[in-house]
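1. I'd like to go over a predicted model; first the sequence, then the structure.
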Amino acid sequence: MQDSAISSLSPEKFPFDMKLLPQQVYIVGGAVRDAILSNSREYLDLDFVLPKDAIKVAQHIAKYHQAGFVVLDSERKIARVIFPNATVDFAQQEGDSIEADLHRRDFTVNAIAYNPHTREIIDPLQGSMDLTSRLMRMISYRNLANDPLRLLRAYRQASQLDFVIETDTRIAIRNLAPKISQTAVERVRVELCYLLNIQIGGTHWLENAWEDGLLALYFSHATKESFSKLSKIDVAARKLEQAYQFLGKQLQEYILDTVKITWCGIAKLACLVHPQPEIAETELNMMTYSRAEIKAVIISLRLLPHLKVRQMSLREKYFFFRAAGKVFPAVVLFALGNDYPIESIEPLITHYLNDNDLVAHPNNLVNGKEIMESLGIPASPIIGKILVEIAVAQAEGRVSTKYEAVALAKQLREEAN
Ligand SMILES: Nc1ccn([C@@H]2O[C@H](COP(=O)(O)OP(=O)(O)OP(=O)(O)O)[C@@H](O)[C@H]2O)c(=O)n1
């Protein structure tokens, strides 16, 4: 089969000179699938398969273009070349032919190869037909059993592509579900992260994965009710996006560049873990979540009860924002997922969105050193307490200058004696 329609895979779009590739070379996996679907990709991520010398070719390309180079798997001969705007993997073909290699993969739609020199499409498993029918179809039961992460990949990719999992494939996944325990938990976490981040369809497929027995090991406390909270979070996120552009945008941002979960994903994760923060922390540690992710979930769980108070005093709000910090967007979504009325949360959002708001974004009139000097006392926890009281007084409008802040510090010190 030949196809000139795969324009997004034309060599001019490669981040390297095509002449550096041998004649027998194939692009495989997601890049081919998405090109046939005409789905644009935010980031260029290419997987090449070569019958021989995969690592050598990768090394040569990296050297020629002064790009980053790393051997991902020396046994299976897979290397990665990292360009400023693209990542390109080079893998040794598995088996005697490209067809044999494709037969070892997970789903038919991921088992299409494309030779960029000849523009030939090799599709021995009729993946193109499944792309047209929008179906995730396993290549074989054995292939799924060989790498049980593939069970979860079916839901993640169905969700990203807006596909359906073919009936026999779904039955096979249900049968094989207990095997997910054989997969390294880090790999599972990455798939879950995608599913938690996806705005449309993520919740539906996450719930399906749970119903099919793939998540019980990780979220033993999750129930049908937990997933209904996730759906409410999706609805709330859309509403917040419309009402508050800045906050809405923040919800879909990664919590850290190095941690690929969004604030919205954190709120959803908080719905799936045990509601008791200490137990949730153990669960998340077991799943190798980072300190930043665990902290964000725990803050969400801990702060939820505080939002029950309909009319928080300024003092309560100050302490709420102090505890929430940059996790605020996730806390808000988590509360809305738990049916807290938007009317009681809106005043907090108003504080948060105003950069000059001293309740949500306090600025220090004085620092600890200045307090120590003006009171003539050494460093001690009292200084911290005085600083907090000054910030609360500032939020309440009782002090607004350095002079008034120092006067209050003196008064507090006297009262304490
Ligand atoms: N557990 C896995 C992981 C990957 N693959 C194969 O390796 C290809 C590339 O894998 P990867 O880059 O992880 O995923 P993509 O399918 O390319 O999808 P995406 O880039 O959207 O994650 C897949 O298409 C599939 O053919 C597989 O068979 N089994």
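-> Yes, it's here.
2. okay, now the domains of the protein?
-> Here the domain parsing of the chain from automatic domain parsing is 7-133, 134-218, 227-361, 368-416.
3. For the ones you listed, give me CSV that also has mean pLDDT and mean neighbour count.
-> For every residue, glycine as well, the C-beta is placed using N, CA and C. Output for the domains of the chain, formatted as CSV (pLDDT from 0 to 100; neighbours: other C-beta atoms under 10 Å):
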stretch, mean pLDDT, mean neighbour count
domain 7-133, 95, 17
domain 134-218, 97, 19
domain 227-361, 95, 18
domain 368-416, 91, 15
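4. looking at those domains, which is closest to the ligand?
-> domain 7-133 (2.4 Å; C-beta to the nearest ligand atom).
5. Establish whether the closest one and the ligand are in contact.
-> Yes. Residues of domain 7-133 contacting the ligand under C-beta under 6 Å from any ligand atom: Val28, Gly29, Gly30, Asp45, Asp47, Arg105, Asp106, Asn110, Ala111.
6. and Glu94, which of the three is it?
-> coil (DSSP: H, G, I helix; E, B strand; the rest coil).
7. Sort out for me which of the residues of domain 7-133 next to the ligand are in strands.
-> Using DSSP state E, the subset of the residues of domain 7-133 next to the ligand located in strands is Val28, Asp45, Asp47.
8. Is it possible to get TSV of these that adds distance to Glu316?
-> Formatted as TSV, these follow (distance: C-beta to C-beta, whole Å):
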residue	distance to Glu316
Val28	57
Asp45	47
Asp47	53
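9. tell me which of the residues of domain 7-133 next to the ligand is nearest to Ala330?
-> Among the residues of domain 7-133 next to the ligand, Asp45 lies closest to Ala330 (C-beta to C-beta), at 27.8 Å.
10. List the beta-bridge partners for the closest one.
-> Asp45 forms beta bridges with Thr87, as assigned by DSSP bridges.
11. Please name the residues that touch it.
-> By C-beta atoms under 8 Å, 6 or more residues apart in numbering, the contact list for Asp45 reads Gly30, Ala31, Ala86, Thr87, Val88.
12. Let me see the contact set for the residue nearest to the second one when sequence neighbours are not counted.
-> So the one you mean is Ala31. Nearest non-adjacent residue to Ala31, counting by C-beta to C-beta, 6 or more residues apart in numbering: Leu46, 5.1 Å away. Shown in contact with Leu46 (C-beta under 8 Å, 6+ apart): Phe14, Ile27, Ala31, Ala86, Thr87, Val88, Asp89.
13. Can you report phi and psi for the first one?
-> In terms of degrees, to the nearest 10, the main-chain angles of Phe14 are phi -70, psi 150.
14. wouldn't Leu307 be in contact with Ala335 here?
-> Yes. Assessed by C-beta atoms under 8 Å, Leu307 is found in contact with Ala335 at 4.8 Å.
15. what sits in contact with each of those two?
-> Both Leu307 and Ala335 are contacted by Ile345, under the criterion C-beta under 8 Å, 6+ apart.
16. which residues in the stretch 251-400 of the chain form strands?
-> Here the stretch 251-400 of the chain has its strands, by DSSP state E, counting those that start in this stretch, at 254-256, 259-262.
17. and these as a markdown table, adding distance to the ligand?
-> Formatted as a markdown table, these follow (distance: least, C-beta to the nearest ligand atom, whole Å):
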| stretch | distance to the ligand |
| --- | --- |
| strand 254-256 | 17 |
| strand 259-262 | 12 |
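18. Which positions in the stretch 101-250 of the chain make contact with the ligand?
-> Within the stretch 101-250 of the chain, the positions near the ligand by C-beta under 6 Å from any ligand atom are Arg105, Asp106, Asn110, Ala111, Asp147, Leu149, Arg150, Arg153.
19. Let's see which of the residues you listed end up in helices.
-> Judged by DSSP state H, the subset of these located in helices is Leu149, Arg150, Arg153.
20. how much space between the spatially closest residue to Ser7 that is not a sequence neighbour and Phe107?
-> Distance criterion C-beta to C-beta, 6+ apart; nearest residue to Ser7, sequence neighbours excluded, is Ala35 at 7.8 Å. Taking C-beta to C-beta, to the nearest Å as the measure, Ala35 falls 16 Å from Phe107.
21. what's the helix ranked longest in the chain packed up against?
-> The longest helix of the chain (DSSP H) is helix 224-243. Packing partners of helix 224-243 (3 or more C-beta pairs under 8 Å, 6 or more residues apart in numbering; DSSP states H and E): helix 202-211, helix 245-251, helix 263-272, helix 328-337, helix 342-353.
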